[in-house]
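J.: Got a sequence here, can you build the structure:
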Amino acid sequence: MNRQTIFDWVKKQYGTDPEYPWRDHNAVLRHDDNQKWYGVILEIGMDKLGLTDRDLVDVLNVKCDPNLIGLLRTKPGFHPAYHMNKEKWISVRLDGSVPVEEIENLIAQSFELTKAKKKKCVQKSY
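T.: Numbers count the residues shown, from 1 in each chain. All right, here's what the predicted structure looks like:
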């Protein structure tokens, strides 16, 4: 799965267009209502992920259940979140090492984890 495939998928699923806040190739996926990020696609050197290769690779950072992060990091294509909270976010290489369905599921989970919280309606008793 590459960045354009992700952009097409999130547009269809959530109506999201990528934003480019740094005016470069890096993009943010953001909720319209609360402006929270649910994904960030960054082009970084593979050495930033702890790999020996210095070639550039796209990664997707998504928010994730902390209990799942430990398991995912044992699998190929997953790394500690680059420039994000490593306890709640994970980086996914977009080089074909992670199946499309798994990436889509992680984006959906991140979308849910970052959506606006519903306010509880409190009834007053008189």
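
J.: Around the nearest residue to Glu19 once chain neighbours are set aside, how many other residues sit close by?
T.: Excluding the flanking residues, the one nearest Glu19 by C-beta to C-beta, 6 or more residues apart in numbering is Val28, at 4.7 Å. Yep, even glycine has a C-beta here, placed from its N, CA and C like the rest. For Val28, the count of nearby residues is 18 (other C-beta atoms under 10 Å).

J.: any idea how far Val28 lies from Arg73?
T.: When distance is defined by C-beta to C-beta, to the nearest Å, Val28 is 23 Å away from Arg73.

J.: How about Arg23?
T.: In terms of C-beta to C-beta, Arg23 sits 31 Å off from Arg73.

J.: Comparing those two, which residue is more hemmed in?
T.: For Arg23 versus Arg73, neighbours defined as other C-beta under 10 Å are more numerous around Arg73 (13 against 6).

J.: So what does that one have for phi and psi?
T.: Main-chain dihedrals, Arg73, degrees, to the nearest 10: phi -70, psi -10.

J.: next one: His79
T.: According to degrees, to the nearest 10, His79 has phi -140, psi 160.

J.: contacting residues for it?
T.: When contacts are counted by C-beta atoms under 8 Å, 6 or more residues apart in numbering, His79 touches Leu49, Gly50, Val59, Arg73, Ile90, Ser91, Val92, Arg93.

J.: Which two among the residues you listed are spaced furthest apart?
T.: The distance between the two most remote of the contacts of His79 (C-beta to C-beta) is 14.5 Å, for Gly50 and Val92.

J.: which one of those two has more residues nearby?
T.: Using other C-beta under 10 Å as the criterion, Gly50 and Val92 rank with Val92 on top: 27 against 8.
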